[in-house]
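>>> sequence first, predicted model second:
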Amino acid sequence: MANFLSGRKTKLDLGITSVTEADVTLDVTGIVTANQYNGNQVIGLPTIGNFRAGAYAPVSTEFTKDSIDELNYILGKLVPTQPTDVDGITINLDYSTLPSVPSASTTVRGLCAGFTPVNNTGDAAPTAGNEYYMNHDNTITTDYETDYGPGDTGTFKAFVNNVGVGTTTLNVSFGLYAAGSNNGTYDKLVIANNTDAADSARNTGITSLFYEVFDFRVLDAPSPIGYNKVYFTHQTSSLKTTGAAYWYEDSGPVGAPNITFSGVTAPSSPTLSYSSGVPHYTQAAGNSFSYVVSVENATGDMYYRATGSSANKLLWADTGSQLTYFASAGTKNFNQFYASGTQGTHPPQRNFGVGTAVTCTVSHQPQDIHKTVDNTWNHFHRWDCWTPYGADQNERVNYDKNVNLMGTTARTNEVDEDNIGITGTLGSGSGNATRVKAGATGDNPTPAYASWTGNAAGSIDTYEAVVRGADLRHDETDYSAAVWLPPGPDYSSGRNGAQYFQFEIIRSAVSEFNIVVTGTYGGCWVSMPDNSTWTTSLSATNGWASMQTAYVGSGVPRNGDAGCSSGGVMNGTTGTYTCVLGTESSTNDSNNRMLVRFRLDSGDAISALTIAAT
C-alpha cells in the first residue's frame, strides 16, 4: 500500500477513524482527510524554498508541535501581561444604600438571639452576637469593582444566593473586529467602562489593542428576608469566581427607639448637712436620687453593637457639663433592663422592647458641691439610644424640685458660713473667718460674737441672713414646702426687714485688710469689740465703723467721722474694698477679734466673700 501511493497526487479516504505510524507510512502530496492524527508532523520546507530570518529559525526536519511551542514561548515575551481577572476578588456592598444610624460609624449590626434566622446562602449560618451588614428595603446594590479583565471574551454572570440575576457575553469592543461596547445593564448586572486595558488604573503599562478591562456591579437586585450573599462568575477558558459579600435582610424593621421616664424618687434616709438651719444633701451614696428609664423598640432582628467594652450598650449617659450637680448613672447594657420581669441577655433577644418597653432603674449620687439646684434647671444628665432602626437622643427626666446640696469639701471661692476665706499674709495667726451670731437687728447693735448655731437643724433668728447653696441672701423662703428638698424650716414670715450676716476674723497685728465681695448688699460695718479705745471712740455707733464712709485720714475712726474705708467706699456692689483701723490694730483687741457685719435688704444676695491682705 505504501508503494502504491508513493509519489501519487491523490485524495485519500481510508475509511478509518485513526491512522498512526504503526499502521502505515504515507508520503502524500495530495489531500488527506482524517478525524484525528496523533503522530509527529515534520515541518518540511516552505514553498519559497527556505525559511526567512526572524525571531526563530525552524529546521525542516523538526516536528510542527515543537516549532509551535517555541513560537509561543517567543510570543509570550512580546505580548503584555493580561489584566487582573476576577478570581477570588473581594466584593463590597454599596454602603450608601444601606440604612445607617446617626453617629454610628459603620452599617454593620449585631444579630439578636432568640430566633433562627433564614439562611439563603447555602454557606454557614449567621450567629447571634456577630455583626453583619443590615438591609431592609429588599434590594441590594454592590460597589463597582473596577478595571478587571478580560473584557472582550467569556460569559459574565451575577448571582444572589446562587440564583442568577444577570448575564452577558463579552465581545471585542475595539479595533478591526469590533463587535460593539459591552457597556449596559443586563437584568441586575451592570457592565461599565469597558475599555482598552491600556486605560486601566489597576494594571498600568499594558500596550494598547491587546486586552480589554471593564467595571461591574449589581444594581437593585432582589434581596430576600434573611442571610444573603452576592458574587460573580466569568467563564473564559476556565471559570473564575469572585469572593462573596454577605448581608442580613431584616424581616420587618421596628420603629425608632423611644426613651421615657418614671417620676424621681428622693432618698428615704438621707445624710444631711445644715447651713443657716437649712438642710442640704451631702454627696453620700445613700443620698442618690432614682427613677425608672424605659426603652421601646430596643431591638428588632438586629441591635446596635458597639465595639470593645461598649459592645452591649443600650443607653449612653451624657458627660461633661451634664454632671454638674449629680454624678453619672452610668451607661446601661441590655442585661440591666427587664422585660416583664425577665432580665435582658447578651446578645439581646429579638424584638426586645417591641410592644412593651423594657425598663431599668437608674440612680444619681450628688456631687461634692455646695449648690441649690433650681427646679427650672436640669438636675440629671441626658440619655442617648441608638438602634439599627433609628435613634432617640438628649432625653432627660424632668424634676420640679429645688434640691439643696452641700458636699464635704470646703470652698472659699463661694460663701461658706463656717469657712470664709482669708488670702495672703494677714497679720499673725492662722485659720479662716467664721460666722457668729448677729446679736440683734439694726446696723449698729451692741457687738456680739456668740458661736453660730445655724450649722445644725433648727431655725435661725428672723434678722439673720441665710446662706443656702453657697449663696448669702435675704431670705423669706418656706423650706417646708413640697417644692424644696430636703424639707427644712419655714422662713416665710417675720423676715421682711433687714437681715444681717456677721463674721469674725481672729488675727493679731492687723491694721488694715481688704473685703472682696461679689453681689449686692445694703451696708457693711467693722468693729473690734474688745478694744476699749476703739469702742470708746465710736460710742455713738456701739463701736461700729462704716465701710460706706471714707476714713478721716488720721487717728481712730470716731463719732462724727465713723468711716473706715480707704480708696473708695462700699456702695452695695461687687468689688474689693480696703478697711483701715487707723492708729489701732487687732493686737489691741484682747481677743485679736475683728467683726464684719453685712446688711442684706430684700432682693440682696452675695455669691462670693473673702478677706485678703492689702
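Received, thanks.
>>> excluding sequence neighbours, find me the nearest residue to residue 173.
residue 181 (4.8 Å; C-beta to C-beta, 6 or more residues apart in numbering). (Glycine included, C-beta is placed from N, CA and C.)
>>> name the nearest residue to residue 240, sequence neighbours excluded.
Leaving aside its chain neighbours, residue 240 sits nearest to residue 87 (4.0 Å; criterion: C-beta to C-beta, 6+ apart).
>>> how much space between residue 170 and residue 361?
Relative to residue 361, residue 170 is positioned 65 Å away (C-beta to C-beta, to the nearest Å).
>>> if we can go back for a sec, I'd say the residue nearest to residue 240 and residue 235 touch.
No - the pair residue 87 / residue 235 is not scored as a contact, 11.7 Å apart, by C-beta atoms under 8 Å.
>>> if we can go back for a sec, compare residue 170 and residue 361 (neighbour count), which wins?
Neighbours were counted for residue 170 and for residue 361 using other C-beta atoms under 10 Å; residue 170 has more, 21 against 15.
>>> my guess is that one contacts residue 154. True?
Yes - counting by C-beta under 8 Å, residue 170 does reach residue 154; the two are 5.6 Å apart.
>>> count of neighbours near residue 411?
By other C-beta under 10 Å, 15 other residues sit near residue 411.
>>> do residue 81 as well
By the criterion of other C-beta under 10 Å, residue 81 has 12 neighbours.
>>> how near is it to residue 272?
From residue 81 over to residue 272 (counting by C-beta to C-beta), the distance is 84 Å.
>>> okay, residue 6: pLDDT?
pLDDT, residue 6: 39.
>>> ok, and the closest non-adjacent residue to residue 360?
Distance criterion C-beta to C-beta, 6+ apart; nearest residue to residue 360, sequence neighbours excluded, is residue 337 at 4.6 Å.
>>> ok, how many other residues are close to that neighbour?
Other residues near residue 337 come to 24 when the count uses other C-beta under 10 Å.
>>> now do the same contact list for it.
Contacts for residue 337 (C-beta atoms under 8 Å, 6 or more residues apart in numbering) come out as 295, 298, 314, 343-344, 352-353, 358-360.
>>> let me know the pLDDT of it.
For residue 337, pLDDT reads 98.
>>> now do it against residue 356, distance only.
The spacing between residue 337 and residue 356, counted by C-beta to C-beta, is 12 Å.
>>> again, but for residue 389
Separation of residue 389 from residue 356 (C-beta to C-beta) stands at 17 Å.
>>> residue 200 too?
58 Å.
>>> and what of residue 463?
Residue 463 is 58 Å from residue 356, by C-beta to C-beta.
>>> quick check on those two: which one has the bigger neighbour count.
More crowded of residue 463 and residue 356, by other C-beta under 10 Å: residue 463, with 18 against 10.
>>> skipping adjacent residues, who's closest to that one in space?
Nearest one to residue 463, counting by C-beta to C-beta, 6+ apart, is residue 441 at 3.9 Å.
>>> with residue 246 instead?
Per C-beta to C-beta, 6+ apart, closest to residue 246 is residue 229, 4.9 Å.
>>> do the same with residue 602
Once flanking residues are discounted, residue 602 sits nearest to residue 474: 5.5 Å by C-beta to C-beta, 6+ apart.
>>> how about that neighbour, what does it touch?
Contacts of residue 474 by C-beta under 8 Å, 6+ apart are 465-466, 499, 600-605.
>>> can you give me the helices for the protein?
2-5, 64-78, 532-537 (DSSP state H).
>>> weakest of those in terms of mean pLDDT?
Of all the helices of the chain, the minimum mean pLDDT falls on helix 2-5 (a mean of 38).
>>> distance check, the residue nearest to residue 360 against residue 291.
From residue 337 to residue 291 the distance is 14 Å (C-beta to C-beta).
>>> kindly report the same for residue 560.
Distance from residue 560 to residue 291, by C-beta to C-beta: 64 Å.
>>> burial count for residue 289?
23.
>>> can I see the domain layout of the chain?
Following automatic domain parsing, the chain resolves into domains at 95-249, 266-290+310-406, 422-612.
>>> mind checking the end-to-end distance for the shortest one?
The distance separating the two terminal residues of domain 266-290+310-406, taken as C-alpha to C-alpha, to the nearest Å, comes to 16 Å.
>>> just stretch 168-186 next, same as before
7 Å.
>>> pretty sure residue 219 sits against residue 185.
Yes - the pair residue 219 / residue 185 is scored as a contact, 7.1 Å apart, by C-beta under 8 Å.
>>> these two: which is more packed in?
Of the pair residue 219 and residue 185, residue 219 is the one with more neighbours under other C-beta under 10 Å, namely 19 against 12.
>>> could you pull up the residues touching the more buried one?
If you count contacts by C-beta under 8 Å, 6+ apart, then residue 219 has 141, 185, 188, 190 around it.
>>> quickly name whichever of those is closest to residue 260.
residue 141 (37.2 Å; C-beta to C-beta).
>>> correct me, but that closest one touches residue 92?
No - contact criterion C-beta under 8 Å: residue 141 and residue 92 do not qualify, at 10.6 Å.
>>> PyMOL command to pick out the buried ones of the contacts of residue 219?
Filtering these down to the buried ones (16 or more other C-beta atoms under 10 Å) takes a single PyMOL command:
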select buried, resi 141+188+190
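>>> re earlier: how about the contacts of residue 474 in TSV, adding pLDDT?
As requested, the contacts of residue 474 are exported to TSV (pLDDT from 0 to 100):
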residue	pLDDT
465	98
466	98
499	98
600	98
601	98
602	98
603	98
604	98
605	98
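>>> filter these to the buried ones?
In these, burial by neighbour count holds for 465-466, 499, 600-601, 604-605, counting by 16+ other C-beta under 10 Å.
>>> quick check: pLDDT value at residue 62.
On the pLDDT scale, residue 62 gets 81.
>>> now residue 99
85.
>>> which ones are touching it?
By C-beta under 8 Å, 6+ apart, residue 99 lies in contact with 107, 134-137, 253, 388-389.
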